[in-house]
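Undergrad: what's the 3D shape of this:
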Amino acid sequence: MPPSLQIVLASASPRRRELLAQVGLAATVVPADVDEAILPGETPAIHVIRLSEAKALAVAGRSDVTGRWFIGSDTVVVRDAVILGKPADASEAAAMLRSLSGRSHEVVSGYAVHDRDSARTISGAVITRVWFKTLTEQEIAGYLATGEPFDKAGAYAIQGLGAFMVPRIEGSYPNVVGLPLCEVIAALEEFGAVNLFP
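TA: Reported below is the predicted structural model:
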């Protein structure tokens with residue numbers, strides 16, 4: 001089996017799959033079912049690393065899933081040390097967008113690459129700073145009406161219409177989309193799973 005067919009993405013996110021495809025990696029997609037609740041005292045980085053590892057290991061532990069290398073990832077938006085997850089409804093989404101308006105916040109994405117053969121896992125977290133322009137109530141209402149904010153951490157998608165709010169970022173763009181691509185590729189290369197330029 002070619003190495004690319006042995007890479008499994010333990011995520012239902014089409015954005016993560018698209019990021020891997022962008023660098024020529026076709027991964028089998030097998031969503032992981034893990035509890036994403038934040039544990040007491042967990043920092044954002046520890047939280048996303050724990051969930052990334054849990055997702056990769058949950059799928060790797062399934063006997064009905066073939067593959068060798070398993071990628072788990074989790075992304076959160078952090079404002080003033082508070083983790084913003086996916087909004088429960090429109091009012092929560094609007095409140096998140098208002099709280100991010102006219103200032104910067106951090107996007108923290110964890111990643112874990114698990115090698116089933118060696119039982120080794122490489123994991124970490126990457127932080128990108130994102131600035132929002134000052135949003136009007138009309139812009140917030142209009143953006144909510146598109147439906148885009150509802151399954152996104154922090155209630156926005158930088159790779160979608162949400163780009164209109166972001167004048168600049170400092171750090172990795174793929175990290176904000178949901179997968180620290182540079183670090184994930186480096187881990188896959190370390191395991192011998194991929195060689196982008198043979």
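
Undergrad: and the lowest-mean-pLDDT helix or strand in the chain, which strands flank it?
TA: Within the chain, confidence by mean pLDDT, DSSP states H and E is lowest for strand 82-84 among all helices and strands, at a mean of 92. Here strand 82-84 has these sheet partners by DSSP bridges: strand 69-79 (antiparallel).

Undergrad: now find how far off-centre the least confident helix or strand of the chain is within its chain.
TA: 15 Å (Cα atoms, centre = their mean, to the nearest Å).

Undergrad: what do you get for stretch 84-93?
TA: 17 Å.

Undergrad: next, the spatially most central residue of the chain: phi, psi?
TA: Closest to where the C-alpha atoms of the chain average out (Cα atoms, centre = their mean) is residue 178, at 2.7 Å. Residue 178 adopts backbone torsions of phi 140, psi 0, taken as degrees, to the nearest 10.

Undergrad: packing partners for the helix of greatest length in the chain?
TA: Ordering each helix of the chain by length in residues (DSSP state H) puts helix 44-60 first. Contact analysis of helix 44-60 by 3 or more Cβ pairs under 8 Å, 6 or more residues apart in numbering; DSSP states H and E lists strand 69-79, strand 104-115, strand 120-131 as its packing neighbours. (Glycine included, C-beta is placed from N, CA and C.)

Undergrad: closest to residue 11 out of those strands?
TA: Nearest of the helices and strands packed on helix 44-60 to residue 11, taken as Cβ to Cβ: strand 69-79 at 6.0 Å.

Undergrad: got the angle for that closest one vs strand 120-131?
TA: 30 degrees (axes from the mean of the first three to the mean of the last three Cα atoms, to 10 degrees).

Undergrad: which parts of strand 69-79 are buried?
TA: 69, 70, 71, 72, 73, 74, 75, 76, 77, 78 (16 or more other Cβ atoms under 10 Å).

Undergrad: what angle do it and strand 104-115 make?
TA: Counting by the same axes, to 10 degrees, strand 69-79 lies at 170 degrees to strand 104-115.

Undergrad: what's the next secondary structure element after the least confident helix or strand of the chain?
TA: helix 90-100 (DSSP states H and E).

Undergrad: wait, the residue nearest to the centre of the chain touches residue 76, no?
TA: No - contact between residue 178 and residue 76 fails when scored by Cβ atoms under 8 Å: they sit 10.4 Å apart.

Undergrad: which neighbours do the two share?
TA: residue 109 (Cβ atoms under 8 Å, 6 or more residues apart in numbering).

Undergrad: what's across from residue 9 in the sheet?
TA: residue 29, residue 71.

Undergrad: buried ones in stretch 118-135?
TA: In stretch 118-135, counting by 16+ other Cβ under 10 Å, buried: 121, 122, 123, 124, 125, 126, 127, 128, 130, 132, 135.

Undergrad: can you list these in CSV and add pLDDT and distance to residue 186?
TA: Formatted as CSV, the buried residues of stretch 118-135 follow (pLDDT from 0 to 100; distance: Cβ to Cβ, whole Å):
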residue, pLDDT, distance to residue 186
121, 98, 14
122, 98, 8
123, 98, 12
124, 98, 10
125, 98, 14
126, 98, 11
127, 98, 17
128, 98, 17
130, 98, 23
132, 98, 30
135, 98, 36
